[in-house]
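J.: I'll drop the sequence and a predicted model, then ask my questions.
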Amino acid sequence: MAQQAQMRSSPVDEQLCFAIYAASRAMTGYYRPLLDAIGLTYPQYLVMLVLWERGEATVTGIGQALQLETGTLSPLLRRLEALGLVRRNRQVDDQRSVLVSLTSAGRALERDVISTQNRVGEATGLSRAESVQLREALHGLTGRLRAAAG
């Protein structure tokens, strides 16, 4: 009886999923000490990015922008409010909806983040065009995987 060839999976370093995972960990690891210096965690930084862009947003709107559930966001927002960076207010016309807005301290923090973003950009070694191309490819990949998952 002839022996069947054993099927093996691809090595981990040939897996796209691992390359994305490793890059994500490296990115957040590079951000960590830079954000620590201004008193933010990486998830808090992402929330602040949405608010700096929009000025204010509902919790639902922030969740949609960051692809996060409300249950994940609520503790982040409580901590940001305790730090004096945001305010949360229930909407008068819809008590279920909470509007999150920046305080003056939250708005001022954006200036400190600009140098952080520049340092991260330099650390990647990517040109502006390469960075845009990679980001667009990753957004496309995310969309296709979400669509395939239903």
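T.: Alright, I've got the coordinates.
J.: all contacts plus neighbour counts: C-alpha atoms, from now on.
T.: Fine.
J.: Pass me the low-pLDDT residue ranges in this structure, would you?
T.: 1-5, 95 (pLDDT under 70).
J.: The residue most central in space within it: helix or strand, and which one exactly?
T.: When the chain is reduced to its mean C-alpha position, the nearest residue by Cα atoms, centre = their mean turns out to be Leu46, at 4.7 Å. Taking DSSP states H and E as the definition, Leu46 sits inside helix 42-54.
J.: ok, residues contacting that helix?
T.: Residues from elsewhere that reach helix 42-54 (Cα atoms under 8 Å, 6 or more residues apart in numbering): 28, 31-32, 35, 57, 62, 65-66, 76-77, 80, 100-102, 106-107, 110.
J.: residue contacts, Leu73?
T.: With contacts taken as Cα under 8 Å, 6+ apart, Leu73 has the following neighbours: Val59, Gly63.
J.: gap between it and Ala129?
T.: Applying Cα to Cα, to the nearest Å, the value for Leu73 to Ala129 is 32 Å.
J.: Please apply the same query to Leu51.
T.: 26 Å.
J.: hmm, which of the contacts of helix 42-54 are the buried ones?
T.: Among these, those classed as buried by neighbour count (16 or more other Cα atoms under 10 Å) are Tyr31, Leu35, Ala57, Ile62, Leu76, Leu77, Leu80, Val100, Ser101, Leu102, Gly106, Arg107.
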